[in-house]
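Asks: Quick one, what's the 3D model for this:
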Amino acid sequence: MSRTIGILAGKGGVGKTTLTANLGYALTELGNKVTLVDANLTTPHLGFHLGMHLVPKTLHDVLRGYTSVRNATYVHPLGFKVIPGSISVKDLVNVDIAKLSNVTSHLSDKSDFILLDCAPSLGREAITALQATDEVLIVTNPDLPSVADALKTLKFAQKTGKIFSGAVLNRVKWGSGELKKSEVEEILGSRIIAEIPEDKNVPKSIAAKTPVLDFSTNSPASTEIRRLAHHLVGKEYNIRTNYGFLDWLVGWMTK
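Replies: Residues are numbered from 1 along each chain as shown. Below you'll find the model as predicted:
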(Lines give C-alpha, C1' and ligand atoms only; values in the text may rest on other atoms or scores of the structure.)
Protein backbone atom coordinates (compact mmCIF):
# COMPACT_ATOMS: atom_id res chain seq x y z
CA MET A 1 0.00 0.00 0.00
CA SER A 2 1.36 3.41 -0.95
CA ARG A 3 2.11 6.17 1.53
CA THR A 4 1.23 9.73 0.55
CA ILE A 5 3.29 12.17 2.59
CA GLY A 6 2.77 15.92 2.50
CA ILE A 7 5.97 17.81 3.20
CA LEU A 8 4.93 21.08 4.83
CA ALA A 9 6.49 24.13 6.40
CA GLY A 10 5.04 27.02 8.35
CA LYS A 11 7.00 29.48 6.25
CA GLY A 12 8.99 29.59 3.04
CA GLY A 13 12.75 29.25 2.79
CA VAL A 14 13.26 26.47 5.35
CA GLY A 15 14.36 23.87 2.76
CA LYS A 16 11.11 22.01 2.15
CA THR A 17 11.65 21.56 -1.60
CA THR A 18 15.27 20.53 -1.11
CA LEU A 19 14.16 17.88 1.36
CA THR A 20 11.43 16.62 -0.99
CA ALA A 21 13.87 16.12 -3.87
CA ASN A 22 16.52 14.44 -1.76
CA LEU A 23 14.21 12.31 0.37
CA GLY A 24 12.61 11.05 -2.83
CA TYR A 25 15.99 9.89 -4.08
CA ALA A 26 16.95 8.38 -0.72
CA LEU A 27 13.74 6.33 -0.65
CA THR A 28 14.40 5.24 -4.24
CA GLU A 29 17.86 4.02 -3.22
CA LEU A 30 16.11 1.76 -0.72
CA GLY A 31 14.23 0.04 -3.53
CA ASN A 32 10.95 1.96 -3.34
CA LYS A 33 8.87 3.27 -6.22
CA VAL A 34 8.65 6.99 -5.54
CA THR A 35 6.71 9.82 -7.15
CA LEU A 36 7.33 13.48 -6.29
CA VAL A 37 4.54 15.99 -6.88
CA ASP A 38 5.08 19.75 -6.90
CA ALA A 39 1.92 20.85 -5.13
CA ASN A 40 3.18 24.41 -4.60
CA LEU A 41 1.19 25.80 -7.50
CA THR A 42 1.97 29.51 -7.12
CA THR A 43 5.73 29.15 -6.74
CA PRO A 44 6.71 25.65 -7.94
CA HIS A 45 10.45 25.10 -7.50
CA LEU A 46 10.83 21.32 -7.48
CA GLY A 47 11.51 21.29 -11.22
CA PHE A 48 14.39 23.74 -10.78
CA HIS A 49 16.01 21.46 -8.20
CA LEU A 50 15.80 18.48 -10.55
CA GLY A 51 16.35 20.08 -13.97
CA MET A 52 12.74 19.40 -14.96
CA HIS A 53 11.25 22.92 -15.02
CA LEU A 54 10.73 23.15 -18.80
CA VAL A 55 8.74 19.96 -19.39
CA PRO A 56 5.85 20.11 -21.92
CA LYS A 57 3.08 19.00 -19.51
CA THR A 58 2.79 19.82 -15.82
CA LEU A 59 0.58 19.36 -12.77
CA HIS A 60 -1.09 22.64 -13.71
CA ASP A 61 -2.22 21.10 -17.00
CA VAL A 62 -3.65 18.12 -15.12
CA LEU A 63 -5.54 20.31 -12.66
CA ARG A 64 -6.90 22.41 -15.54
CA GLY A 65 -8.18 19.26 -17.24
CA TYR A 66 -5.85 19.68 -20.23
CA THR A 67 -3.92 16.43 -19.90
CA SER A 68 -3.73 13.18 -17.94
CA VAL A 69 -1.65 12.40 -14.87
CA ARG A 70 0.35 9.94 -16.96
CA ASN A 71 1.30 12.58 -19.54
CA ALA A 72 2.56 14.93 -16.83
CA THR A 73 4.65 12.26 -15.07
CA TYR A 74 8.35 12.04 -15.91
CA VAL A 75 11.02 9.53 -14.92
CA HIS A 76 14.09 11.20 -13.44
CA PRO A 77 17.48 9.71 -14.43
CA LEU A 78 17.98 8.70 -10.78
CA GLY A 79 14.94 6.42 -10.90
CA PHE A 80 12.07 8.24 -9.19
CA LYS A 81 9.14 9.89 -10.95
CA VAL A 82 8.26 13.58 -10.90
CA ILE A 83 5.14 15.60 -11.66
CA PRO A 84 6.51 19.16 -11.91
CA GLY A 85 4.53 22.37 -11.71
CA SER A 86 4.45 25.08 -14.34
CA ILE A 87 6.56 28.19 -13.81
CA SER A 88 4.30 30.23 -16.13
CA VAL A 89 1.91 32.67 -14.46
CA LYS A 90 -0.70 32.14 -17.18
CA ASP A 91 -0.97 28.48 -16.22
CA LEU A 92 -2.48 29.47 -12.87
CA VAL A 93 -5.72 30.36 -14.68
CA ASN A 94 -8.50 27.79 -14.21
CA VAL A 95 -6.40 25.54 -11.99
CA ASP A 96 -8.63 23.44 -9.73
CA ILE A 97 -6.43 22.37 -6.83
CA ALA A 98 -9.35 20.35 -5.44
CA LYS A 99 -8.48 17.77 -8.11
CA LEU A 100 -5.16 17.07 -6.40
CA SER A 101 -6.71 14.21 -4.44
CA ASN A 102 -7.61 12.59 -7.76
CA VAL A 103 -3.96 12.83 -8.78
CA THR A 104 -2.66 11.11 -5.64
CA SER A 105 -5.38 8.45 -5.93
CA HIS A 106 -4.27 7.74 -9.50
CA LEU A 107 -0.68 7.33 -8.33
CA SER A 108 -1.45 5.15 -5.31
CA ASP A 109 -1.21 1.81 -7.13
CA LYS A 110 1.95 2.86 -8.98
CA SER A 111 4.07 4.16 -6.12
CA ASP A 112 5.26 3.02 -2.71
CA PHE A 113 5.76 6.64 -1.67
CA ILE A 114 4.10 9.79 -3.02
CA LEU A 115 5.79 12.93 -1.70
CA LEU A 116 3.92 16.22 -2.07
CA ASP A 117 6.00 19.39 -1.94
CA CYS A 118 3.26 21.57 -0.47
CA ALA A 119 2.96 25.35 -0.45
CA PRO A 120 4.29 27.02 2.70
CA SER A 121 2.06 28.44 5.46
CA LEU A 122 -1.64 27.60 5.75
CA GLY A 123 -3.17 29.18 2.68
CA ARG A 124 -5.69 27.48 0.41
CA GLU A 125 -3.00 25.68 -1.60
CA ALA A 126 -1.39 24.12 1.46
CA ILE A 127 -4.70 23.18 3.08
CA THR A 128 -6.03 21.55 -0.08
CA ALA A 129 -2.77 19.69 -0.61
CA LEU A 130 -2.97 18.50 2.98
CA GLN A 131 -6.35 16.94 2.21
CA ALA A 132 -4.69 14.87 -0.53
CA THR A 133 -2.20 13.29 1.89
CA ASP A 134 -2.26 10.51 4.45
CA GLU A 135 0.78 11.62 6.44
CA VAL A 136 2.51 14.91 7.23
CA LEU A 137 6.21 15.67 7.57
CA ILE A 138 6.97 19.18 8.84
CA VAL A 139 10.22 21.01 8.08
CA THR A 140 11.54 23.89 10.17
CA ASN A 141 14.76 25.78 10.86
CA PRO A 142 16.15 26.19 14.39
CA ASP A 143 14.89 29.75 14.88
CA LEU A 144 11.85 30.95 16.80
CA PRO A 145 9.81 32.37 13.88
CA SER A 146 10.21 29.16 11.86
CA VAL A 147 9.36 26.93 14.81
CA ALA A 148 6.36 29.06 15.81
CA ASP A 149 4.94 28.79 12.29
CA ALA A 150 5.72 25.07 12.23
CA LEU A 151 3.71 24.67 15.43
CA LYS A 152 0.68 26.31 13.80
CA THR A 153 1.01 23.97 10.83
CA LEU A 154 1.38 20.95 13.09
CA LYS A 155 -1.71 21.85 15.13
CA PHE A 156 -3.78 22.31 11.99
CA ALA A 157 -2.59 19.01 10.51
CA GLN A 158 -3.45 17.20 13.72
CA LYS A 159 -6.97 18.63 13.66
CA THR A 160 -7.49 17.14 10.20
CA GLY A 161 -6.65 13.71 11.55
CA LYS A 162 -3.55 13.17 9.41
CA ILE A 163 -0.76 10.90 10.60
CA PHE A 164 2.13 13.01 11.83
CA SER A 165 5.33 11.36 10.60
CA GLY A 166 7.55 13.76 12.52
CA ALA A 167 9.41 17.05 12.33
CA VAL A 168 12.68 17.70 10.53
CA LEU A 169 15.09 20.33 11.80
CA ASN A 170 16.91 21.65 8.74
CA ARG A 171 19.95 23.85 8.07
CA VAL A 172 21.35 23.37 11.55
CA LYS A 173 24.59 25.30 12.19
CA TRP A 174 24.92 24.72 15.96
CA GLY A 175 25.36 28.47 16.43
CA SER A 176 24.75 30.34 19.65
CA GLY A 177 21.67 32.07 18.24
CA GLU A 178 19.89 28.85 17.31
CA LEU A 179 17.28 26.93 19.24
CA LYS A 180 18.55 23.60 20.48
CA LYS A 181 16.94 20.38 19.31
CA SER A 182 15.48 19.81 22.79
CA GLU A 183 13.98 23.32 22.79
CA VAL A 184 12.33 22.78 19.41
CA GLU A 185 10.93 19.46 20.60
CA GLU A 186 9.51 21.16 23.69
CA ILE A 187 7.82 23.89 21.62
CA LEU A 188 6.37 21.47 19.08
CA GLY A 189 5.48 18.83 21.64
CA SER A 190 7.02 16.29 19.28
CA ARG A 191 10.38 14.72 18.74
CA ILE A 192 12.69 15.69 15.89
CA ILE A 193 13.24 12.67 13.65
CA ALA A 194 16.08 14.24 11.64
CA GLU A 195 18.54 17.04 12.24
CA ILE A 196 20.01 18.04 8.89
CA PRO A 197 23.14 20.19 9.09
CA GLU A 198 23.90 23.25 7.00
CA ASP A 199 25.95 21.91 4.09
CA LYS A 200 27.60 24.02 1.41
CA ASN A 201 27.09 21.15 -1.04
CA VAL A 202 23.33 21.74 -1.00
CA PRO A 203 23.31 25.04 -2.94
CA LYS A 204 25.92 23.59 -5.27
CA SER A 205 23.67 20.60 -5.95
CA ILE A 206 20.71 22.88 -6.64
CA ALA A 207 22.82 24.80 -9.15
CA ALA A 208 23.76 21.45 -10.71
CA LYS A 209 20.04 20.50 -10.80
CA THR A 210 20.54 17.23 -8.96
CA PRO A 211 19.94 16.01 -5.39
CA VAL A 212 22.81 16.56 -2.98
CA LEU A 213 22.80 12.79 -2.37
CA ASP A 214 23.91 12.44 -5.98
CA PHE A 215 26.15 15.52 -6.07
CA SER A 216 28.04 14.77 -2.84
CA THR A 217 26.99 11.34 -1.67
CA ASN A 218 28.80 11.36 1.68
CA SER A 219 28.24 14.98 2.68
CA PRO A 220 26.71 15.68 6.10
CA ALA A 221 23.28 16.59 4.67
CA SER A 222 23.25 13.53 2.40
CA THR A 223 24.02 11.21 5.28
CA GLU A 224 21.30 12.60 7.52
CA ILE A 225 18.67 12.52 4.76
CA ARG A 226 19.49 8.88 4.14
CA ARG A 227 19.07 8.24 7.84
CA LEU A 228 15.64 9.92 7.65
CA ALA A 229 14.64 7.69 4.73
CA HIS A 230 15.64 4.60 6.70
CA HIS A 231 13.58 5.84 9.63
CA LEU A 232 10.49 6.26 7.44
CA VAL A 233 10.70 2.70 6.15
CA GLY A 234 11.58 1.24 9.54
CA LYS A 235 15.12 0.17 8.72
CA GLU A 236 18.23 0.63 10.83
CA TYR A 237 20.90 2.99 9.53
CA ASN A 238 24.34 2.12 10.80
CA ILE A 239 26.40 5.05 9.58
CA ARG A 240 27.10 7.60 12.31
CA THR A 241 25.09 10.80 11.81
CA ASN A 242 25.59 12.53 15.15
CA TYR A 243 27.10 15.64 13.62
CA GLY A 244 28.08 18.51 15.81
CA PHE A 245 29.69 21.88 15.20
CA LEU A 246 33.21 20.42 15.01
CA ASP A 247 32.11 17.84 12.42
CA TRP A 248 30.46 20.56 10.38
CA LEU A 249 33.53 22.81 10.58
CA VAL A 250 35.93 20.04 9.54
CA GLY A 251 33.64 19.03 6.66
CA TRP A 252 33.27 22.64 5.51
CA MET A 253 37.04 23.21 5.52
CA THR A 254 37.94 20.00 3.69
CA LYS A 255 35.41 20.09 0.84
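Asks: ok, now which ones touch residue 216?
Replies: Residue 216 makes contact with 199, 201, 204, 205, 222, 255, according to CB atoms under 8 Å, 6 or more residues apart in numbering. For every residue, glycine as well, the C-beta is placed using N, CA and C.
Asks: For it, give its distance to residue 222.
Replies: For residue 216, the distance to residue 222 (CB to CB, to the nearest Å) stands at 6 Å.
Asks: what does the model give residue 27 for pLDDT?
Replies: On the pLDDT scale, residue 27 is placed at 98.
Asks: ok, back up a step: need the buried ones from the contacts of residue 216 selected in PyMOL.
Replies: Selecting the buried subset of the contacts of residue 216 in PyMOL, with 16 or more other CB atoms under 10 Å as the burial test, is done by:
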select buried, resi 199+201+205+222
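Asks: quick one: strands adjacent to the helix or strand residue 171 falls within?
Replies: Using DSSP states H and E, residue 171 sits in strand 163-172. According to DSSP bridges, strand 163-172 forms sheet pairs with strand 135-140 (parallel), strand 192-197 (parallel).
Asks: Please point out which parts of it sit buried.
Replies: By neighbour count, and taking 16+ other CB under 10 Å as the criterion, the buried residues in strand 163-172 are 165, 166, 167, 168, 169, 170, 171, 172.
Asks: Adding pLDDT and distance to residue 139 as columns, could you present the residues you listed in CSV?
Replies: Output for the buried residues of strand 163-172, formatted as CSV (pLDDT from 0 to 100; distance: CB to CB, whole Å):
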residue, pLDDT, distance to residue 139
165, 94, 11
166, 95, 10
167, 97, 8
168, 98, 5
169, 98, 8
170, 98, 5
171, 97, 10
172, 97, 12
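Asks: Pick the one among these closest to residue 190.
Replies: The shortest gap between residue 190 and any of those belongs to residue 167, at 5.6 Å (CB to CB).
Asks: My read is that that closest one contacts residue 184, right?
Replies: Yes. Using CB atoms under 8 Å, residue 167 makes contact with residue 184 at a distance of 7.4 Å.
Asks: joint contacts of those two?
Replies: Taking CB under 8 Å, 6+ apart as the contact rule, the neighbours common to residue 167 and residue 184 are 140, 192.
Asks: Quick one: end-to-end distance for stretch 81-88.
Replies: Taking CA to CA, to the nearest Å, the first and last residues of stretch 81-88 lie 22 Å apart.
Asks: Name the surrounding residues that touch stretch 157-173.
Replies: Stretch 157-173 is contacted by residues 5-6, 8, 14-15, 18-19, 130-131, 133-142, 150, 154, 178, 181, 184, 188, 190-198, 228, 231-232, 245, 248 when judged by CB under 8 Å, 6+ apart.
Asks: May I see the ChimeraX selection of the buried members of those?
Replies: Listed next is the ChimeraX selection for buried residues among those, using 16+ other CB under 10 Å:
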select :5,6,8,14,15,18,19,130,133,134,135,136,137,138,139,140,141,142,150,154,178,184,188,190,192,194,195,196,197,198,228,232,248
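Asks: Need the mean per-residue confidence for whichever helix in the chain runs longest.
Replies: Taking DSSP state H as the criterion, the chain has its longest helix at helix 144-159. On average, the pLDDT along helix 144-159 is 94.
Asks: Strands along the protein, start to end?
Replies: For the chain, applying DSSP state E gives strands covering 3-9, 34-39, 74-75, 81-83, 113-118, 135-140, 163-172, 192-197.
Asks: for the shortest one, packing partners?
Replies: Which is strand 74-75. Counting contacts by 3 or more CB pairs under 8 Å, 6 or more residues apart in numbering; DSSP states H and E, strand 74-75 is packed against strand 81-83.
Asks: Show me what the strand it packs on pairs with in its sheet, parallel or antiparallel.
Replies: In the sheet, strand 81-83 lines up with strand 34-39 (parallel), strand 74-75 (antiparallel) (DSSP bridges).
Asks: ok, residues contacting the longest one?
Replies: Right, strand 34-39. By CB under 8 Å, 6+ apart, strand 34-39 touches 6, 20-21, 24-25, 27-28, 44-47, 50, 59, 73, 79-85, 97, 100, 103-104, 107, 110-119, 125, 129, 132.
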